[in-house]
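Enquirer: Predicted coordinates and the sequence they were generated for:
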Amino acid sequence: MPNRVVVAGVTSLYMAVPVAGFPIAYTPQRFPEWTRAEVSGAACHIADTMRTLGDETSLCTFVGTDIAGEAISASLRARDLHGDGVIPAPKSSLGVVLVAPDGRRSGRPYVAAVNMLQYPTDVFKRVIQGADLAVLTNTAFVRPLLWHAWSAGVPIAVDVHLISDVNDPYNRPWLEVADIVFCSHERLPCSPRSWVAQVFERYPGCEIAAVGAGRDGCLMGLRDGRLIEVAAVAPRGVVSTSGAGDALFASFLHGWLATGNPVTALRQAVLHAGWKIGDTFPGAVSLTEPELARLGECHPVTATIGRWDVQEP
């Protein structure tokens, strides 16, 4: 029986555009080699990835009644994600991601239209009942839903993305209720290993803390002191790293729910994220669980086990 997962957050119509590099030099006009429009956003990407891998996913999000919303609604229906948790709004969330030749990305999310709204708690409370996991993204309209997920006794997973302070006032409400915490290495003030130790010290309810580190793979700490490190792999090369963190997060959660083994789950997550970034729009492509297993036979991923609770050499 598939695990039931509720994902709350933004769904956006995104445009991906290649650029020559960063910083971007001014030019009055340029004809890109490719341009791509897709429906993504953190919540949509996570929900779609987990659904494709085999979980039963319910998406709690806003979709506008504007032209962009028509495209978003059509995409969600095609992916079997347009359920009771999808709430109409006057305007849709939008975004642009700029992609350099080496795969680096610079996102321009425009979420003001949905962050001004209040998600109906009665809908969320109904959807969350009986869930095996709540994935609560750190967009503003999700904040009032945190208490309802916690009070329902559902395990909570959060990705705080580009965080730089373990006491960050914006992200603290999410961190205080989370069982699983992911983030990016890009703005950390210390090593990922030290960050994991700080998270466990500051937030006693956290059981798993992980740092996605791009080309260096992923480092994950467990409450029992174990430290898991998995090197990056890119079976199709690197085209765009947009959404790589969401892919890693979602794929790990699926594997963890399915097996209860964080080592196996992290290995599969790094592989899946590495495969996704070989696409011009990683948020629009996902593997099924059998496909991911077959990919792993050709591209084995190893994990190194150590300790985060001992002093670094």
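Expert: Cool, got the structure. Treat the numbers as computed from the prediction; the structure is a model and nothing was measured.
Enquirer: what are the ranges of the helices in the stretch 101-250 of the chain?
Expert: Here the stretch 101-250 of the chain has its helices, by DSSP state H, counting those that start in this stretch, at 112-115, 121-128, 146-151, 172-177, 192-202, 244-259.
Enquirer: same for the third one, what does it pack against?
Expert: Using 3 or more C-beta pairs under 8 Å, 6 or more residues apart in numbering; DSSP states H and E as the contact criterion, the neighbours of helix 146-151 among helices and strands are helix 121-128, strand 133-136, strand 156-159, helix 172-177. In short, each C-beta sits where N, CA and C put it, glycine included.
Enquirer: Could you rerun that using 7 Å?
Expert: helix 121-128, strand 133-136, helix 172-177 (3 or more C-beta pairs under 7 Å, 6 or more residues apart in numbering; DSSP states H and E).
Enquirer: Any idea which of the helices of the stretch 101-250 of the chain gets closest to Trp275?
Expert: Of all the helices of the stretch 101-250 of the chain, helix 244-259 sits nearest to Trp275, with 8.7 Å by C-beta to C-beta.
Enquirer: Please list the residues outside that closest one that contact it.
Expert: Helix 244-259 is contacted by residues 3, 42, 45-46, 49-50, 53, 55, 132-133, 135, 157, 159, 161, 182, 184, 212, 218, 262, 264-266, 268-270, 272-273, 276-277, 282 when judged by C-beta atoms under 7 Å, 6 or more residues apart in numbering.
Enquirer: Tell me the buried residues within the residues you listed.
Expert: The neighbour count (16 or more other C-beta atoms under 10 Å) marks 3, 42, 45-46, 49-50, 53, 55, 133, 135, 157, 159, 161, 182, 184, 212, 218, 262, 265-266, 268-270, 272-273, 276-277, 282 as buried among the contacts of helix 244-259.
Enquirer: can you tell me which residues contact Pro101?
Expert: Applying C-beta under 7 Å, 6+ apart, one finds that Pro101 lies in contact with Gly21.
Enquirer: Look up how far Phe31 lies from it.
Expert: For Pro101, the distance to Phe31 equals 16 Å [C-beta to C-beta, to the nearest Å].
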